[in-house]
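> my questions are about this predicted structure, shown below with the sequence.
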Amino acid sequence: MRITKLMRGVTGTAAVALVALTMVPAVALASGPGTASSNLTTVSDGYVADSTGNAQATSDAEFTVTAGALSLNQVPNIMLGSTTVKDIATGPTTTLNVTTGAPTAGTAYDGNNEGALNVTDFRGDNSGWSLTVGMSPFTSSTKATITDATLSLNQTTGTMDNTATAVPNDLKLTQSTVTNGWITSPQTLWDAAANTGQGTNSATTAASSNLAIGKQSNIVAGTYDATLYWALQNAPAATTPAT
């Protein structure tokens, strides 16, 4: 017990209060665990374990998870087989299957020649995402154009870290108008709803993909290229409410 002499002249209630203060133990919460203001780092002695109970203490374990980015990492070039003026001029439809190789005359530079498509989501907010794509008209170096072409773009799914993520959609892309450097009517190729799409998501252009060209009697010989416009958005595609 702490012993304190009372100052001369302090009497009555004040003296009683002062004596009471001198009898407060030096160790608060003697058995623990601690509080924000009274704990093992602030009291003068440790917690006591005796016949009345255990000495108890708590401490923290902590780590931080740092957010990353939602990224579009790979988009494929779509290489198609060759055909003839006769085939397109006489129609009714000429179908060109996907093949291997690299573009020779296109003006887009992001595509790879392995057919690889890759999206990663390391944001850590589980908000989902969507990937759209659209196709410009096919034109040649002589400015000749294809009047009727539809690309059936199908994907073979590869790695998806979240198995709840939906697989890519099969699309039929028609030639669309490009305004101010971007496609005017893209379609949703891949839609990751909220709580899906996290981690790595990969796919490859499927062998079933092809280009269907309608009959065109004024077709001009040459190499034709179209640009594919890809856009990754940081939320799932908007859906039309059911009526």
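Received the coordinates, thanks. Numbering: from 1, shown residues only.

> tell me where the model's unsure across the protein.
Scanning the chain for pLDDT under 70 picks out the ranges 1-29, 239-243.

> which residues sit against the host helix or strand of Leu173?
In the assignment (DSSP states H and E), Leu173 maps to strand 171-174. Outside strand 171-174, the residues within contact range by CB atoms under 8 Å, 6 or more residues apart in numbering are Val133, Gly134, Met135, Ala149, Thr150, Leu151, Ser152, Leu153, Asn154, Gln187, Leu189, Leu228. For every residue, glycine as well, the C-beta is placed using N, CA and C.

> pairing partners for the one helix or strand Asp191 maps to, with directions?
Assigned by DSSP H and E, Asp191 belongs to strand 187-192. Strand pairing for strand 187-192, determined by DSSP bridges: strand 129-135 (antiparallel).

> ok now the strand it pairs with, how far from the chain's centre?
14 Å (CA atoms, centre = their mean, to the nearest Å).

> who are the contact partners of the spatially most central residue of the chain?
In the chain, the residue lying closest to the centroid (CA atoms, centre = their mean) is Asp121, at 2.6 Å. For Asp121, the contact set (CB under 8 Å, 6+ apart) comprises Leu70, Ser71, Trp129, Ala192, Gly197, Gln198, Gly199, Asn201.

> and if we set it to 7 Å?
Listed by CB atoms under 7 Å, 6 or more residues apart in numbering, the contact set of Asp121 reads Leu70, Trp129, Gly197, Gln198, Gly199.

> is Gly91 in contact with Ser217, as I believe?
No - with contact taken as CB atoms under 7 Å, Gly91 and Ser217 are classed as non-touching, separated by 8.3 Å.

> the more surrounded of those two?
Looking at Gly91 and Ser217 with other CB atoms under 10 Å, you find the greater number of neighbours at Gly91, namely 14 against 9.

> how close does the more buried one get to Ala212?
Distance of Gly91 to Ala212, computed by CB to CB, to the nearest Å: 11 Å.

> what's the answer for Thr42, then?
Here the criterion is CB to CB. By it, Thr42 lies 78 Å from Ala212.

> ok, now Phe122?
Noted for Phe122: a distance of 38 Å to Ala212, by CB to CB.
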